[in-house]
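Participant: Provided below for reference: sequence and predicted model.
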Amino acid sequence: MIRQLVVAAGVSGMLLLLAFPGFAGEADLPGYRLSDLYRLAVERSEDIRIAENQLMIARQDENRAFSVLLPTLSAYGDYIHYQEAGAIAPEYGYEYGAKLQQQFTLNGRELIALRAARDTIQQREYDMDAVTENFLFRVAAAYYNVMNLKKRQDIARANVSRLQEHKEAVIKKRSLEEVPVTDQLRTDAELSGARAELVNAETLLIYARSSLARMLDLPAGYTLLSGDADETIPVVDPLEALIDVAMKQRADIRSANMAVNLAEASIDITKSEYWPTLSFEAGYKVQETEPSYLAQDDTLYGAARINMVLFDWGLRKGTISQEKARRQNAELQLASLKKQVALDVEQAYLAIRTARQNIIALQDKVSFSRANFDAVALMFNVGQANSLDVMDANTLLQNAERELAEAEFDMELSRIALLRAQGVFLKTVM
């Protein structure tokens, strides 16, 4: 008896798996919250990897700039064999030695270059923060887009279900000859259109999921979880306060400020070419020949040399003019960027205010539209409303649900866009 029950249970389980093939693997599908996507974005983004390499290059430039401040130690040697030797011509000779060399400009050009290299490191760090923030914003936008399209798919599926139920009600009334044939035709047309909208919603959702998967190398069949999404309606500060935060926190503005400093340093480095260059050398060398009486010597020596270009036909003057123009361009770019940042903050500020007010109004609209549809459907069943009234009520409900979904989507995008515009988005997610 027990064996028969086990066999029956096994057969039932196999039939369940055949009837619902996705049931067995549903629990094994990877699920990602938005915070998980942020973590994967930092690990897998090519743009972030490129920014990290740029930072590494800047750090190596600092090491190179620092090495110029230290003397170089080198060794050398040479051997010469003469074809014809004589009383005054040796048969061969050789020389070897080691020397320590140091060179610097009297105005401290090497120190200026070292400070510029360190400023470049700071600028690359700001650039990496900006790249990371931009990519995480794209990930968040793609995440909310998928969630929004999934909600729109649910709305389209609910619309098909409502119209299907109404069609069945119309068929019943048609069999009793209580409604004309045009009501059934109109219902069929509306239902066909709703099914087409459902197909379009499913296609858009598939494409959005594929875009997010390619962006982060997600496995096929992944699922998105919404447990850590901030669903509260944010309270924003006054606009001027938000702009002030952006001017202090935006990574791209900080990078642009560093670009101005680097342009100024480049001018100082170019001007240092007018200054003399002082070099020192100290070493030990050995000279020997065969026969040895012709030349044999080993000695320690030291030397100092100063060099200054007196005239270069306007080369340095033209170079300095170019560097000054580059500095002016950097200052203009900084001013233009500040204007754009202020505009971005204002745009996000207005968008979040609009979305907040729309959500409050559309929540009421959805509630009233659903109550209206239920009432009209009931009136149709008792013969107090016609099929056209039901279609209008259904259209009103569907549009209200769509508008609310779009407003909620706009709210989420506006919320993270405002954080990004202020330059604090990276701090809130990392």
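Facilitator: That came through fine. Please read all numbers here as calculations on a predicted model, not as lab measurements.

Participant: what ranges of the stretch 251-400 of the chain fall below the confidence cut-off?
Facilitator: Scanning the stretch 251-400 of the chain with the threshold set as pLDDT under 70 gives 290-296.

Participant: run the last query once more with 90
Facilitator: For the stretch 251-400 of the chain, the stretches with pLDDT under 90 are 269-275, 285-299, 301-302, 307-317, 319, 353, 356, 380-388, 391.

Participant: Strands of the stretch 1-150 of the chain, residue ranges please.
Facilitator: Assigned strands in the stretch 1-150 of the chain, in chain order: 31-32, 72-81, 92-105 (criterion: DSSP state E, counting those that start in this stretch).

Participant: Next, the residues that contact the second one from outside, please.
Facilitator: In other words, strand 72-81. Glu91, Tyr92, Gly93, Tyr94, Glu95, Tyr96, Gly97, Ala98, Lys99, Leu100, Gln101, Gln102 (CB atoms under 8 Å, 6 or more residues apart in numbering). (Glycine included, C-beta is placed from N, CA and C.)

Participant: Kindly recompute the last result at 7 Å.
Facilitator: For strand 72-81, contacts defined as CB atoms under 7 Å, 6 or more residues apart in numbering pick out Tyr92, Gly93, Tyr94, Glu95, Tyr96, Gly97, Ala98, Lys99, Leu100, Gln101.

Participant: And for the last one?
Facilitator: By CB under 7 Å, 6+ apart, the residues outside strand 92-105 that reach it are 71-82, 110, 272, 275, 277-290, 295.

Participant: which among these end up buried?
Facilitator: Glu110, Ser272, Thr277, Glu281, Gly283, Lys285, Glu288, Thr289, Glu290 (16 or more other CB atoms under 10 Å).

Participant: can you pull the contacts of the fourth one?
Facilitator: In other words, Glu281. Contacts of Glu281 by CB under 7 Å, 6+ apart are Lys99, Gln101, Gly302, Ala303.

Participant: Quick one: those residues as a markdown table, columns for distance to Ser175 too.
Facilitator: Putting the contacts of Glu281 into a markdown table (distance: CB to CB, whole Å) gives the following:
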| residue | distance to Ser175 |
| --- | --- |
| Lys99 | 110 |
| Gln101 | 106 |
| Gly302 | 117 |
| Ala303 | 115 |
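
Participant: circling back: okay, and which of the buried ones among the contacts of strand 92-105 map to helices?
Facilitator: Using DSSP state H, the members of these that fall in helices are Glu110.

Participant: Mind picking the two most distant members of the buried ones among the contacts of strand 92-105?
Facilitator: For these, with distances taken as CB to CB, the pair at the greatest spread is Ser272 and Glu290 (48.7 Å).

Participant: what about the helices in the stretch 201-350 of the chain?
Facilitator: Using DSSP state H, counting those that start in this stretch, the helices of the stretch 201-350 of the chain run over 239-249, 251-271, 315-381.

Participant: Tell me the spacing between Gln54 and Ala117.
Facilitator: As judged by CB to CB, to the nearest Å, Gln54 and Ala117 stand 14 Å apart.

Participant: More neighbours: which of the two?
Facilitator: Counted by other CB atoms under 10 Å, Gln54 and Ala117 do not tie: Ala117 has more neighbours, with 20 against 17.

Participant: need the contact list for that one.
Facilitator: Contacts for Ala117 (CB under 7 Å, 6+ apart) come out as Asp61, Glu62, Ala65.

Participant: Now with 10 Å, please.
Facilitator: Ala58, Arg59, Gln60, Asp61, Glu62, Asn63, Arg64, Ala65, Phe66, Leu262, Ala265 (CB atoms under 10 Å, 6 or more residues apart in numbering).

Participant: ditto for Gln340
Facilitator: By CB under 10 Å, 6+ apart, Gln340 lies in contact with Asp252, Ile253.

Participant: nearest spatial neighbour of Leu239, skipping sequence neighbours?
Facilitator: In space, and not counting its chain neighbours, Leu239 is closest to Tyr349: 5.3 Å by CB to CB, 6 or more residues apart in numbering.

Participant: which residues make contact with stretch 407-414 from outside it?
Facilitator: Stretch 407-414 has contacts (CB under 10 Å, 6+ apart) with 34, 137, 140-141, 143-145, 147-149, 151-152, 229-231, 233-234, 236, 347-363, 417, 421.

Participant: Any quick ChimeraX command for the buried ones out of the residues you listed?
Facilitator: Here is the ChimeraX selection string for the buried members of these, based on 16+ other CB under 10 Å:
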select :34,137,140,141,143,144,145,147,148,149,151,152,229,348,349,351,352,355,356,358,359,362,417,421
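
Participant: can you put the contacts of Glu281 in TSV and add neighbour count?
Facilitator: Converted to TSV, the contacts of Glu281 look like this (neighbours: other CB atoms under 10 Å):
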residue	neighbour count
Lys99	18
Gln101	14
Gly302	10
Ala303	11
